[in-house]
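1. Pasted the sequence and its predicted model underneath.
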2 protein chains.
Amino acid sequence: MTGFGVFSDGRGARRVGWRDGVDIVDLSGLGDLFSRPSLNALLAAGHDGWRQALAAAPTHDGPRVPLEEAVLHLPFDVADYVDFYSSLEHATNMGRLFRPGLEPLLPNWRFLPVAYHGRAGTIVVSGTDVVRPAGQVKAPDDELPSFAPSSRLDIELELGFVVGVPSDGGPVPPERFAEHVFGVVLVNDWSARDIQAWEYVPLGPFLGKSFRTSISAWVTPLALLEECRVQAPEQSPPPLPYLSGGRDWALDVDLEVDLNGTVVSRGNARTLYWTMPQQLAHATSNGATIRTGDLMASGTISGPAPGSEGSLIELTRNGAEPLRLRDGSERAFLEDGDEVVLRGRAGEVELGEVRGRILPAA
Amino acid sequence: MTGFGVFSDGRGARRVGWRDGVDIVDLSGLGDLFSRPSLNALLAAGHDGWRQALAAAPTHDGPRVPLEEAVLHLPFDVADYVDFYSSLEHATNMGRLFRPGLEPLLPNWRFLPVAYHGRAGTIVVSGTDVVRPAGQVKAPDDELPSFAPSSRLDIELELGFVVGVPSDGGPVPPERFAEHVFGVVLVNDWSARDIQAWEYVPLGPFLGKSFRTSISAWVTPLALLEECRVQAPEQSPPPLPYLSGGRDWALDVDLEVDLNGTVVSRGNARTLYWTMPQQLAHATSNGATIRTGDLMASGTISGPAPGSEGSLIELTRNGAEPLRLRDGSERAFLEDGDEVVLRGRAGEVELGEVRGRILPAA
């Protein structure tokens, strides 16, 4: 496991660390950028700073802290959070579930990477418990909505990138992606499907997502992912010129979803239709600026093979085909006490896991 | 005009000021909360701190700076930005335009205050120019989308509230609204209708809004609006219990939209169907926390009377009935060089205006 994160002993100051197996190497001796309570200063340092940090961290002889004795903190202050919808298979699966009998992909999907803004203030670090949200729900057969704990609590397996260097307001074309982006995290975009289904027209997801989003404690620098860069799947039709680059930025990252000790999904990030540089180019194409700490996530990553879907609603065909876990129990959606772990591996590089346990509704 | 803001002379440090007519009273002599580059420390001070500030500011004999010599800055660091859709008349007008022949209000609208997250990082202070955004557009008759400057650039007249005191993760019921909320600003949620129309299914508005959102330079404390609090319009059906309070928080604030010197719309915020306490109760009903600096805006405020609509798309019936301005020219949507000013007045209290001029696409 290799990446930068923020840790403490639970009492003393937070500082930047480098994950090395079951240890954390305390990097605070490396200078001012590393003795801070977040990675934001390092993120803002830009390409030369990132290169120096990555050259120094793995061999730094600072104090080693066993992971089990450390408290891990949110690694960076999240500025804006954008969530894309970039998996062709996920968008197709969701279209079939929500608009049966109609063309599953909406007309815009192949022309632009669809996205929405999420809630930055409820992003938490891996290991944080997730309280089951309550909200307004209305099943198709209900005459009226009611307020109740979600009974269709789900996960979304995603890969997110973290902006380091702000833009000046001009678009960031795909070719300039790596000048602005520091690295990646895994993301679990917890989703209350029943709240979402009732609220989401016409302005998109809100409370069905905003209760909590979990990310890795460790940010893996892009430079460590060079060897897993591959060509993305062919796009048809070809995208407009402002989105035509960045196709050599698919990431060959094996992914898995672990539910209470049973791996219930295995996929790979390389199947994504829209790449990270295309996502960033689109998000800035209207002149919107980006800031240090912006998090942009892929959307649920589902592959073409059965068992590679990145959400329970897809894996269980909307709950109709529950998963069987190792302990013999079945799951359509998450139950109180369930623990979900997302994992990702790019060759020798293991991404930071995303772990979360469901607590009963408050 | 009365409210707190942040100003400088363009070279020296930013500090907190109180707007008094055509002057700004420099409050930095009042202590640490007021010698900062944003209102966030004051926002976080809570009810007692707000009361003390409001007692001291109007009579403080600090230096007076003529408004015309000051540079006004974004008054607070925006945490998350939520935009509601709380005007019955606006939602009805938009439904008629976008889904002709169908029931204009979607089934959820009368049961919950529909909302989405916007982009916090592109919120700017009144007076900042707005560059016409470009983006993917596809007119109904076009076979394929193209990338072009927006030709349907619009405004949205909104009232927003600013969170001071964070929540602990539990819902904030309507009765506790005033413990958490410091004050209000006017908001112009600039909208590129052509970009929005093509991108917004199924996840809501993204680039059609995210290029820029303008807010007042002055935040008006809730305490100054006590005299304009009135009962909100009756709701049918009655809302669920978690949304049933806060109906005595409609605000009798006269609003106007000025386009190049012609007032093209006159409305009032008291017509909003969902009140601010209901909006906050809904936004936190799933356990989502709120932070100092969260901005939650009403959505476009349109009234029942012709000429009280808060957007050009409504005022001009989707461009079919252009407005005639004082100089004889006509406007369906905004042209380069146009200047829009939003104004609001609650009895003797004038809210900070929101001014913005359109620059040609980059």
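-> Thanks, I have it.
2. helix/strand/coil for residue A:83?
-> Here residue A:83 is recorded as strand under DSSP: H, G, I helix; E, B strand; the rest coil.
3. so it touches residue A:113, yeah?
-> No: Residue A:83 lies out of contact with residue A:113 (Cβ atoms under 8 Å); the separation is 10.8 Å. C-beta: built from backbone N, CA, C; applies to glycine.
4. tally of neighbours for residue A:239?
-> Using other Cβ atoms under 10 Å in any protein chain shown, residue A:239 is surrounded by 22 other residues.
5. in chain A, which residue is closest to the centre?
-> Among the residues of chain A, the one closest to the centroid is residue A:187, at 2.4 Å (Cα atoms, centre = their mean).
6. what residues does the stretch 1-150 of chain A put near chain B?
-> Residues of the stretch 1-150 of chain A lying close to chain B (Cβ under 8 Å from any Cβ of the partner chain) are A:79-80, A:82, A:85, A:98, A:106, A:108, A:111-112, A:114-122, A:131, A:133-136, A:138, A:144-147.
7. Out of the residues you listed, name the ones that lie in helices.
-> In helices, defined here by DSSP state H, the members of the residues of the stretch 1-150 of chain A next to chain B are residue A:98.
8. what about residue A:66, neighbour count?
-> 9.
9. about what we covered before: and the residue nearest to the centre of chain A, which of the three is it?
-> On the three-state scheme (three-state DSSP), residue A:187 is labelled strand.
10. mind checking how far it is from chain B?
-> Distance of residue A:187 to chain B, computed by Cβ to the nearest Cβ, to the nearest Å: 16 Å.
11. Please look at residue A:263 and residue A:257 and confirm they touch.
-> Yes: contact status for residue A:263 versus residue A:257: in contact at 6.9 Å, counting by Cβ under 8 Å.
12. In terms of neighbours, single out the busier of those two.
-> More neighbours surround residue A:257 than the other of residue A:263 and residue A:257, with 25 against 13 (other Cβ under 10 Å).
13. surely that one meets residue A:300?
-> No: applying Cβ under 8 Å as the test, residue A:257 and residue A:300 come out as separate, 10.6 Å apart.
14. Quickly list what's touching both of those two.
-> A:157, A:310 (Cβ atoms under 8 Å, 6 or more residues apart in numbering or on different chains).
15. how about the residue nearest to the centre of chain A, what does it touch?
-> For residue A:187, the contact set (Cβ under 8 Å, 6+ apart) comprises A:156, A:158-160, A:213-216, A:295, A:297-298, A:342, A:354.
16. Let me have those residues in CSV, extended by neighbour count and secondary structure.
-> Output for the contacts of residue A:187, formatted as CSV (neighbours: other Cβ atoms under 10 Å in any protein chain shown; DSSP: H, G, I helix; E, B strand; the rest coil):
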residue, neighbour count, secondary structure
A:156, 26, coil
A:158, 29, strand
A:159, 24, strand
A:160, 27, strand
A:213, 28, strand
A:214, 27, strand
A:215, 29, strand
A:216, 29, coil
A:295, 22, strand
A:297, 29, strand
A:298, 31, coil
A:342, 28, strand
A:354, 28, strand
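17. between those residues, which is nearest chain B?
-> Closest approach to chain B among those (Cβ to the nearest Cβ): residue A:213, at 10.4 Å.
18. Leaving out sequence neighbours, find the closest residue to that closest one.
-> Leaving aside its chain neighbours, residue A:213 sits nearest to residue A:123 (4.8 Å; criterion: Cβ to Cβ, 6 or more residues apart in numbering or on different chains).
19. My read is that that neighbour contacts residue A:81, right?
-> Yes: assessed by Cβ under 8 Å, residue A:123 is found in contact with residue A:81 at 6.2 Å.
20. what sits in contact with each of the two?
-> Here residue A:123 and residue A:81 have A:213, A:295 as joint contacts, going by Cβ under 8 Å, 6+ apart.
21. who's more crowded, these two?
-> Using other Cβ under 10 Å as the criterion, residue A:123 and residue A:81 rank with residue A:81 on top: 29 against 23.
22. thought that one was touching residue A:116?
-> No: assessed by Cβ under 8 Å, residue A:81 is found out of contact with residue A:116, at 9.8 Å.
23. quick one: common contacting residues for the two?
-> By Cβ under 8 Å, 6+ apart, residue A:81 and residue A:116 have no common neighbours.
24. Break chain A down into its domains, please.
-> A:4-73, A:81-359 (automatic domain parsing).
25. roughly how far is the shortest one from the heart of the chain?
-> The one in question is domain A:4-73. 21 Å (Cα atoms, centre = their mean, to the nearest Å).
26. What is the end-to-end distance of that domain?
-> Between the opening and closing residues of domain A:4-73 there is a gap of 11 Å (Cα to Cα, to the nearest Å).
27. Backbone dihedrals for the residue of chain A found nearest chain B, please?
-> Using Cβ to the nearest Cβ, residue A:204 is the residue of chain A that sits closest to chain B, at 2.4 Å. Main-chain torsions, residue A:204, degrees, to the nearest 10: phi 100, psi -180.
28. In contact with it: list those residues for me.
-> Applying Cβ under 8 Å, 6+ apart, the residues near residue A:204 are A:116, B:116, B:200, B:202, B:203, B:204, B:205.
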